[in-house]
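Trainee: fold the following and give me the result.
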Amino acid sequence: MTNFIIVEGQEDKVFIELLLDNSTSVEVRPIFIDKLGGLSVESLKNKLTTIKTKLPREPIEKVGIILDFDDKTKQERVDLVNEALKAVFSNQPPLKDCGENNAITVSFKGNDGSSYNFELACYLMGLNNAGELEDVLRDIKSRDSPVADCIVECLKGIKLKEVKKEWIHFYLKYDICNDKQREHASKHCSLKALKQVMNNNKSNPPFDLSNSNLKQLKDFLDWIKS
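Mentor: Okay, here's the model as predicted:
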């Protein structure tokens with residue numbers, strides 16, 4: 001039996017994998033993390049359809065959907081998930097809220113007439129009900145960031161989402177990596193290589209994975225693992 005996590009993109013996948021790898025809770029069953037490749041009702045429908053197709057031959061107990069707040073409200077994100085759910089599982093009661101305590105049971109009949117079901121819940125990434133992964137990472141950074149802070153100061157007036165991504169880029173590449181690592185920045189100094197970055201800096205990691213602001217996300221991941 002496998003549990004599923006659906007995330008927006010590769011950077012989200014890497015971060016969730018890092019948290020799962022560093023979790024002290026027992027992983028009861030394997031977890032598969034899949035990427036939307038861009039958030040939309042259609043992309044989420046496609047992933048839920050894939051899960052629906054898999055269920056008759058591969059038992060799945062839990063599905064967790066992790067999305068960024070971005071500039072949307074919690075209700076708007078819940079509505080997006082419910083729209084995709086309704087399109088794939090037509091008679092399914094909707095989610096009322098995100099979080100593992102608001103999980104619902106999704107039930108349907110397969111083409112063979114058999115009944116199938118799984119638990120589903122969502123989690124929204126950000127700070128203070130807004131933002132995205134980059135906001136979380138900046139909040140849990142554990143080292144000084146003079147280069148990244150200086151560069152971002154010069155980018156005032158640029159689209160905020162782009163500035164957030166640039167802050168992470170410069171923090172990892174110039175505040176964390178050394179000259180030799182920067183020669184192969186994509187492998188040692190990028191968000192997509194976050195596991196390697198953390199491994200290269202075990203004695204003084206760039207991010208504090210024990211930060212209390214990660215508790216809700218860790219609780220959600222523990223629910224999926226249990």
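Trainee: next one: stretch 114-123 to chain centre, how far?
Mentor: Averaged C-alpha coordinates place stretch 114-123 at 19 Å from its chain's average position (Cα atoms, centre = their mean, to the nearest Å).
Trainee: now do it, average pLDDT.
Mentor: Averaged across stretch 114-123, the pLDDT comes to 94.
Trainee: again, but for stretch 187-196
Mentor: Rounded mean pLDDT across stretch 187-196 is 94.
Trainee: and that stretch, how far out from the chain middle?
Mentor: How far stretch 187-196 lies from its chain's middle: 16 Å, per Cα atoms, centre = their mean.
Trainee: dump the C-alpha coordinates for that stretch into CSV.
Mentor: Provided in CSV are the C-alpha atoms of stretch 187-196 (Å, rounded to 0.1, in the frame of the first residue of the first chain):
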residue,chain,number,x,y,z
LYS,A,187,24.5,20.6,-8.4
HIS,A,188,25.6,22.3,-5.2
CYS,A,189,23.9,25.7,-4.8
SER,A,190,20.4,25.6,-6.1
LEU,A,191,17.0,25.0,-4.6
LYS,A,192,16.6,21.9,-6.8
ALA,A,193,19.8,20.6,-5.2
LEU,A,194,18.6,21.4,-1.6
LYS,A,195,19.5,17.9,-0.3
GLN,A,196,23.0,18.3,-1.5
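Trainee: contact partners of that stretch?
Mentor: 10-11, 14-15, 17-18, 21, 137, 168-169, 172-173, 176-177, 181-182, 186, 197, 200 (Cβ atoms under 8 Å, 6 or more residues apart in numbering). Every residue, glycine included, has its C-beta placed from N, CA and C.
Trainee: pull out the buried members of the residues you listed.
Mentor: 11, 14-15, 17-18, 137, 168-169, 172-173, 176-177, 181, 197, 200 (16 or more other Cβ atoms under 10 Å).
Trainee: just the ones in helices from the contacts of stretch 187-196, please.
Mentor: Mapping the contacts of stretch 187-196 onto helices (DSSP state H) picks out 10-11, 14-15, 17-18, 21, 137, 168-169, 181-182, 186, 197, 200.
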